[in-house]
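> Got a predicted structure plus its sequence, pasted below:
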Amino acid sequence: MSEVQDRSAKETLGFQTEVKQLLHLMIHSLYSNKEIFLRELVSNASDACDKLKFEGLHKPELYGNDPTLGITVAFDKAARTITISDNGIGMTREDAIAHLGTIAKSGTKEFFGKLSGDQQKDAALIGQFGVGFYSSFIVADKVTVETRHAGSAEGVRWESDAGGEYTIEAIDKPTRGTDVILHLREGEDDFLSRWRLKSIISKYSDHISLPIRMKKEEWDSEKNEYVTRDEEETVNQASALWTRSKGDITDEQYKEFFKHIAHEYDDPLAWSHARVEGRSEYTQLLFLPAKAPFDLWDRNKKAGIKLYVKRVFIMDDAEQLMPTYLRFVKGIVDSADLPLNVSREILQESRDVKAIREGCTKKVLGMIEDLADNRADDFAKFWAEFGQVLKEGIGEDSANKERLTKLLRFASTRNADATQNVSLAAYVEAMKEGQDKIYYATGETWAQAKSSPHLEVFRKKGVEVLLLTDRVDEWMLSFLSEFDGKELVSVAKGGLDLGAMQDEEEKKQAEAVETDYKLVLEKMKGVLKERAKDVRVTFRLTDSPSCLVADEGEMSATLQRLLKQAGQPAPDSKPILEINPEHPLVKKLKDEELRFGDWSQTLFDMAVLAEGGQLEEPAAFVRRVNELLIAR
């Protein structure tokens, strides 16, 4: 059998496992908001036309004798079908298999791992993941897709009843583009109404810049019913929303436009629409999403900004228009200055693009600042979703470092939970008399940081300590050393200097104790020379017998562990062991001879465990503790 014959035969293929799961959840979890299927299919049709516009810049022959792009929505009461058609780029057989039979979206595994079985919660997650083409099965028990790629002579028919398989075959299709035919389920006949379909288009898709056409209906007095005519009319405004005056656009239209370009389910937290004139002339419409995408931590993911030039779509995800730490921002930039044949390489070198990037960055930071200053609840939601990503900007965007620093929020010993709601400005304002530094503790979890022995003296003196537990924090702190003239100091680094908060009596007592423990410290240094850089007494502890600190300029234990977990090289530096001279276990060392080495090793191991570290020889630790307990 020839290759042509093979390709023309109907073939039955199985859906990717994730598609099967998504179809099941789609049908059962989003059923309460069925009408979104039309929004999603019209949005896909619009994207297909945009892609043809872009390809047509270099290959105008793709338009053939059909240069006017548009979308058509039709229904057939007798057949109980709804058809959404476009004359966009269309699909090849391979495209149909790749786009309709599989999900290539990064974050798929994490997405399904978060589903709980709670329909209401899962509906929000599915919307966050993006419903797209598969929303067809909310109202249809069978979907037929007939498509022909621009420039191809062969059409393709794809068909499925969402039962785990689909068929695909070659067909004759005289026009390019795609027809999605929905065979409605029982009980969905209310969608077989021009008024209902038009109202959904007006609600969700009025902003689409292409004409969406439907056949007219007129009242037939003889039949006493509305009759469909062959003449079509445009049922949306069919003008690019961002080109309209802000006064002519409602909040609902902005929200639906966001859902269209971002393929989101939730409303955005905020948006900004502005026309910029000057060295570079462009229009920007930028949105802050309410939910983080599942691929937020993929730094190779391009930013969610669509680039247009003079209202002609150029490219999705123009990463040059937004810095990486703002990769969650969605929106449109329409330039009046860039050439229509602009490439990603030209974008990297263009002075106009640099000006647009700077302008967009400032506008986004302005939106976030407005949330922080005027909408505290919304800012808290934003920070919970995107705070860790925003912290990357401290090291990446020196021009806006000061603005970003003011937006930072942290957990603190002031709070009873892990909520990150303390700004550096609020911390400084609440500093105790005599305090001249901003103190922080790092940990892999909030509970670990909160229970760190390094905090004991700060609790005793009532000094607030910031608790930093995000993976990005240690890296960020390498670029953030002070705020408002106050140095940021780790409670677990170097010698503790409480400055004016430590009175003269305490200083004299510390000097006396150091002299008293001089011999003990020398012996411990000898025992622990392979593990500890130094051993010294400390007054940062009130309840614990010992703790580990990093020397000035050296990497913290938390950062070392994070690097090793990520498979990155970490410097092999020894910590400093500090002992609490007021603790009974430490006092015991002064008179201990026989088991001095075991007690020294045990105090070191206890300090490792207290900061969340792992012992190199846990069995040896258990053996020593057992022997010490028996000896007592």
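Happy to help now that I have it. Because the structure is predicted, anything quoted here is derived from the model rather than measured. Residues are numbered from 1 along each chain as shown.
> Provide a list of residues in contact with the spatially most central residue of the chain.
The residue at the geometric middle of the chain, judged as the C-alpha nearest the mean C-alpha position with Cα atoms, centre = their mean, is Leu296 (3.1 Å). Leu296 makes contact with Arg327, Phe328, Phe386, Val389 under the criterion Cβ atoms under 8 Å, 6 or more residues apart in numbering. C-beta here means a position set from N, CA and C on the backbone, and glycine is covered the same way.
> Could you tell me what pLDDT the model assigned to it?
The predicted local confidence for Leu296 comes out at a pLDDT of 78.
> what two of the contacts of Leu296 have the greatest distance between them?
Based on Cβ to Cβ, the longest span within these runs between Arg327 and Phe386 and measures 9.6 Å.
> mind checking the SS state of the residue of the chain most remote from its centre?
In the chain, the greatest distance from the average C-alpha position (Cα atoms, centre = their mean) is reached by Glu222, at 59.0 Å. Per DSSP: H, G, I helix; E, B strand; the rest coil, the local secondary structure of Glu222 is coil.
> Would you mind checking the average pLDDT for stretch 325-339?
Confidence for stretch 325-339, expressed as mean pLDDT, is 90.
> Equivalent analysis for stretch 624-632, please.
Within the predicted structure, the mean pLDDT of stretch 624-632 is 82.
> Give me the contacts around it.
Counting contacts by Cβ under 8 Å, 6+ apart, the residues outside stretch 624-632 that touch it are Arg595, Asp598, Trp599, Gln601, Thr602, Asp605.
> Correct me if wrong, but the fourth one is in a helix.
Which is Gln601. Yes. Under the criterion used here (three-state DSSP), Gln601 sits inside a helix.
> and it, how far is that from Gly526?
Per Cβ to Cβ, to the nearest Å, Gln601 is found 12 Å from Gly526.
> the more surrounded of the two?
Relative neighbour count places Gln601 above the other of Gln601 and Gly526, with 19 against 12, counting by other Cβ atoms under 10 Å.
> Please identify the buried residues of the helix or strand Arg536 falls within?
For Arg536, the element it lies in under DSSP states H and E is strand 534-537. For strand 534-537, burial by neighbour count (16 or more other Cβ atoms under 10 Å) applies to Val535, Arg536, Val537.
> How about stretch 431-449?
Burial within stretch 431-449, assessed by neighbour count using 16+ other Cβ under 10 Å, is assigned to Gln435, Lys437, Ile438, Tyr439, Tyr440, Ala441, Thr442, Gly443, Glu444, Trp446, Gln448, Ala449.
> and the residues you listed as JSON lines, adding secondary structure and distance to Ile89?
JSON lines is the format used below for the buried residues of stretch 431-449 (DSSP: H, G, I helix; E, B strand; the rest coil; distance: Cβ to Cβ, whole Å):
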{"residue": "Gln435", "secondary structure": "coil", "distance to Ile89": "63"}
{"residue": "Lys437", "secondary structure": "strand", "distance to Ile89": "60"}
{"residue": "Ile438", "secondary structure": "strand", "distance to Ile89": "55"}
{"residue": "Tyr439", "secondary structure": "strand", "distance to Ile89": "58"}
{"residue": "Tyr440", "secondary structure": "strand", "distance to Ile89": "52"}
{"residue": "Ala441", "secondary structure": "strand", "distance to Ile89": "55"}
{"residue": "Thr442", "secondary structure": "strand", "distance to Ile89": "50"}
{"residue": "Gly443", "secondary structure": "coil", "distance to Ile89": "51"}
{"residue": "Glu444", "secondary structure": "coil", "distance to Ile89": "48"}
{"residue": "Trp446", "secondary structure": "helix", "distance to Ile89": "49"}
{"residue": "Gln448", "secondary structure": "helix", "distance to Ile89": "52"}
{"residue": "Ala449", "secondary structure": "helix", "distance to Ile89": "52"}
